[in-house]
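>>> Quick one, what's the 3D model for this:
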Amino acid sequence: MRPQLLFCHTAFAKDLQRIREYVTSHAYDGVEWAWDGWRLMMPRERRRRRLDDLRQASPVSSAHAPYTDIEIGHRDPDHAAAAVRILQDYIDAAQELGAHHLNMHVGSYGLPLGELSWDGLVRNVATLLEYAARRGVCLTVENLTSGPTSDPETLVRLLKATGAPVTFDLGHAHGSAWVQEGRGSVVEFLRSIPTPILATHIYFTERNDAHFVPEKLADIGPALNGLVAAGCDFWVLELHTPETLEQTRRIVDEYLALR
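Predicted coordinates:
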């Protein structure tokens, strides 16, 4: 079965008309809305109109929770508690939007272990999963290029402790020290995940916050095989320009044509 294909709205900034047209003209199933930089904590009627606009631009969607200044694993309990409350509001927004899932970062910007409360992180992930479940929202944790989710051993520990499903980011895995230092491959990283992989971010690698495209199918083909084997059928092409999005789509289409 063909996976659902989405793209991240950042390739077109916040131009909702262009996004809506691109979904149709390029045969996408929908859009992932990356909410870092969008204000949804606003008066209820304005928020309803904002979410209506997003829904009209793309009936099928996922959402990426904001992560700037939000860290549920911070050792400062006030900071962590504020982050939990903010993310609960975005869970509510994902429910109102009808999003397939809401994805979140933990340990963003390579939060060092000295500034992390592991027990607090586990507790707060569990709290948010419970909150999301009560609202009928699927909440996922994403692997990052640095910090506690960039190493399979630490990520697996978190996932086993909480049962959190995953958005597996191919570029973050490839750009992680674990892969770059030769401790394992992206496919081995993917296979280590003990909980469901509900979605994926597809591009080749991340360096200095920039997303780089696969030049050939071999760059991501084995990882795509791994996603198929894991039952992941919600694929988000997470590129930041139309040109890089289209090059990555060509590689993904080549892969799908061979299946």
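
>>> And the strands in this protein?
4-8, 30-34, 61-64, 102-104, 139-142, 166-169, 197-202, 205-207, 210-212, 234-237 (DSSP state E).

>>> now those strands in a markdown table, with mean pLDDT and distance to residue 54?
From N, CA and C alone the C-beta is placed, and that goes for glycine too. Converted to a markdown table, the strands of the chain look like this (pLDDT from 0 to 100; distance: least, Cβ to Cβ, whole Å):
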| stretch | mean pLDDT | distance to residue 54 |
| --- | --- | --- |
| strand 4-8 | 98 | 13 |
| strand 30-34 | 98 | 6 |
| strand 61-64 | 98 | 7 |
| strand 102-104 | 98 | 13 |
| strand 139-142 | 98 | 18 |
| strand 166-169 | 98 | 19 |
| strand 197-202 | 98 | 17 |
| strand 205-207 | 95 | 25 |
| strand 210-212 | 95 | 22 |
| strand 234-237 | 98 | 15 |
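
>>> Dump those to TSV, plus distance to residue 257 and mean neighbour count.
TSV is the format used below for the strands of the chain (distance: least, Cβ to Cβ, whole Å; neighbours: other Cβ atoms under 10 Å):
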stretch	distance to residue 257	mean neighbour count
strand 4-8	13	22
strand 30-34	21	24
strand 61-64	25	25
strand 102-104	28	27
strand 139-142	28	24
strand 166-169	23	26
strand 197-202	16	24
strand 205-207	24	18
strand 210-212	23	18
strand 234-237	15	24
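
>>> can you put those strands in TSV and add distance to residue 159?
Compiled in TSV, those are given as follows (distance: least, Cβ to Cβ, whole Å):
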stretch	distance to residue 159
strand 4-8	23
strand 30-34	21
strand 61-64	19
strand 102-104	13
strand 139-142	7
strand 166-169	7
strand 197-202	10
strand 205-207	21
strand 210-212	24
strand 234-237	18
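
>>> quick one: which of the ones you listed is nearest residue 71?
strand 102-104 (10.6 Å; Cβ to Cβ).

>>> Give the other helices and strands that the closest one contacts.
Helices and strands touching strand 102-104, as assessed by 3 or more Cβ pairs under 8 Å, 6 or more residues apart in numbering; DSSP states H and E, comprise strand 61-64, helix 77-97, strand 139-142.
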